[in-house]
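Enquirer: need the 3D shape of this:
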Amino acid sequence: MRAKKLIHLANTEIDFSNSEILKTLFSNSNQGIAIVGARGEIFKFNSALSELLNYTSNDFSEISLFNVLGESSVTLFKDMLGHLSVKEGSIEESLILITKDAKKIVCDVSLSTVKTGLKGYGLLTISPEIPKVEKNEFYKFSELFSKISENLNEGIFRSSPDEGMIYVNKPFARLFGYESVGEVIKQRPGGFYFDSNEKSRVAELIQNNGALVNEVILFARKDGSSFWGLVNCSVNTEYDGCVFYDGAVVDITDQKKSEELLVQKNKELKKINAQMDRFMYSAYHDVRAPIASVLGLTNILKMELNEQRYDAYFDKIEESLNKLDYFVNDVKNFSQNARQRIESKRIDFNSLIVSTWRKFKHVHETIDLSVTVEEGIIFYSDQVRLGLILENVLKNCTQFMDSNKLENYIKISVKMASDKVIIEVVDNGIGIGKTHLEKIFNMFYRATENSKGAGLGLYISKETVIKLRGNISVESELGLGTIVNIEIPNDQKGKLISRKLTLLKH
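Expert: Got it, this is the predicted structure:
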């Protein structure tokens, strides 16, 4: 088999007697180098070759190069030696070398003539070969990386503490306002910070964390303007101990301005909400106090005049004032539900229902209330909001009772599980028509003109249930009555306590 190629190097012969050249060549080369004889004897070798093949000086003194060649490479190397015995120059071939621990390495091997006054000496250089497939893949990857890097919106960079900027892509140069990549490479990394104090802060972050992750930094462009950058950077140490900072910068100036605007708007909104809360509190008391006074005076006048001809007028006044009172209360309840935080506490449903029912003492004589509560589960939720839901549901039950029936009733059942409570409120009132059922939870919707409220009660109930992450539904038939189903989840604290109690029982 013939060697790949013969290269004539008449002007590049190496003088074996020149010790300075040999010393420099052998000491500083990363390639394996040896002086070999015509029969493959190894006369001199460098440390790189020793490390590559894992042989010591004593080992090389006892073997020839043929001892470290793979079987298929012996003939090729003989052919290389034969060419050099006929003609001076340099010849290259890919050979398989075998290390002391029997590993096979494919290497690029070059054999050149050495001028010594004696024929038969060759300068051998050996370096591990990158397979063609790997070379092609490497070139493809390099080309792909270059294309991707130049078409990104992010600025890609590599720098080092010793050399400064080593690599940047074109988007990086554009981002910082430079005309070319070469112009950027000449800059000091510390000069990219708008605030000089940022350099030490960033260095401390990298030292403590080994990286920058989504760090927001104010950078300076070439023209002195600034922009906000989102930086991700890793610290990489190469095999030779050199440290590099590899990362990317994204311009987030628009997002930063939007965030700052949002923060400012949130501050303004909080201020407005606080003002609204104060206004609602003041308005509620300022409006409700006169209503209560007029209602009280109306009752006194009815008792003092004691004339039936005035009763109808007083009833109308009282009815109008009650409507206004209901509306003011509804507005207050709506505002509180929308703005106040949820305050979770243990719920005693018997106590909650009794206290809520007391607000309807004017109907206690005409409506029979029965309550069934399943005990044994610890339930946590917002007591104020639960009371508000029950109050609005009971208000609708009492307002739309059927006066033609001999007995009017409201039945409340509370069924508790570890994760939720189901409250069912049943009445035998006038009922709700199917055309109205889908709309009863709408704001200001009134199914009948006889409604005493403003159409906010059930709307507020549903909004409050949603606030507690629950569900509310209504079933009704005209003339028969209405069933309201309310499902409220148990708070996390209630779930944990209930689970512990269940485990203790078992």
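
Enquirer: using the three-state scheme, assign residue 403.
Expert: Using DSSP: H, G, I helix; E, B strand; the rest coil, the structure places residue 403 in coil.

Enquirer: again, but for the one 10 residues further on
Expert: Judged by three-state DSSP, the three-state class of residue 413 is strand.

Enquirer: is it in a bridge, and if so with what?
Expert: The residues paired with residue 413 through beta bridges, assigned by DSSP bridges, are residue 372, residue 424.

Enquirer: what's near enough to touch it?
Expert: By C-beta atoms under 8 Å, 6 or more residues apart in numbering, the residues touching residue 413 are 371, 372, 373, 423, 424, 426. Placement of C-beta: from N, CA and C, glycine included.

Enquirer: what is the most widely separated pair among the residues you listed?
Expert: Within those, two members stand farthest from each other by C-beta to C-beta: 373 and 426, at 14.8 Å.

Enquirer: among the contacts of residue 413, which ones are buried?
Expert: Neighbour-count burial (16 or more other C-beta atoms under 10 Å) is assigned, among those, to 373, 423, 426.

Enquirer: could you dump those to CSV with distance to residue 476 and pLDDT?
Expert: Compiled in CSV, those are given as follows (distance: C-beta to C-beta, whole Å; pLDDT from 0 to 100):
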residue, distance to residue 476, pLDDT
373, 24, 92
423, 17, 94
426, 10, 94
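
Enquirer: between those, which sits nearest residue 105?
Expert: Of all those, residue 105 sits closest to residue 423, with 80.2 Å by C-beta to C-beta.

Enquirer: now do the contacts for the residue lying closest to that closest one once chain neighbours are set aside.
Expert: Taking C-beta to C-beta, 6 or more residues apart in numbering as the measure, residue 423 lies nearest to residue 486, with 4.3 Å between them; neighbours along the chain are not counted. Taking C-beta under 8 Å, 6+ apart, we find residue 486 in contact with 389, 393, 422, 423, 424, 425, 465, 470, 471, 472.

Enquirer: confirm the third one sits in a strand?
Expert: Yes: residue state for residue 422 (three-state DSSP) corresponds to a strand.

Enquirer: so who does it touch?
Expert: If you count contacts by C-beta under 8 Å, 6+ apart, then residue 422 has 414, 415, 416, 485, 486, 487 around it.

Enquirer: ok, the second one - how many residues close by?
Expert: Translated: residue 415. Neighbouring residues of residue 415 were enumerated by other C-beta atoms under 10 Å; the total is 14.

Enquirer: verify the stated contact: it with residue 421.
Expert: Yes: in this structure, residue 415 sits in contact with residue 421. The criterion is C-beta atoms under 8 Å, and the distance is 7.1 Å.

Enquirer: leaving out chain neighbours, which residue sits closest to residue 100?
Expert: Once its chain neighbours are removed from consideration, residue 100 has its nearest residue in residue 54; the separation is 4.2 Å (C-beta to C-beta, 6+ apart).

Enquirer: try residue 478
Expert: residue 431 (4.3 Å).

Enquirer: I figured the one you found hits residue 474, correct?
Expert: No: between residue 431 and residue 474 there is no contact under C-beta under 8 Å: 10.5 Å.

Enquirer: give me the element the residue nearest to residue 478 is part of.
Expert: Using DSSP states H and E, residue 431 maps to neither a helix nor a strand.

Enquirer: check the gap between it and residue 483 for me.
Expert: According to C-beta to C-beta, to the nearest Å, residue 431 stands 10 Å off from residue 483.

Enquirer: neighbour count: these two, which is higher?
Expert: When residue 431 and residue 483 are compared on other C-beta under 10 Å, the one with more neighbours turns out to be residue 431, at 19 against 15.

Enquirer: so what's that one up against?
Expert: With contact set as C-beta under 8 Å, 6+ apart, residue 431 has these partners: 476, 477, 478, 479, 480, 481, 482.

Enquirer: just give the number of residues close to the second one.
Expert: Other residues within reach of residue 477, judged by other C-beta under 10 Å, total 12.

Enquirer: count the residues that sit near residue 201.
Expert: 13.

Enquirer: repeat for residue 354
Expert: Residues near residue 354, counting by other C-beta under 10 Å: 12.

Enquirer: one more: residue 434?
Expert: For residue 434, the tally of surrounding residues (other C-beta under 10 Å) stands at 10.

Enquirer: fine by me, we can end here.
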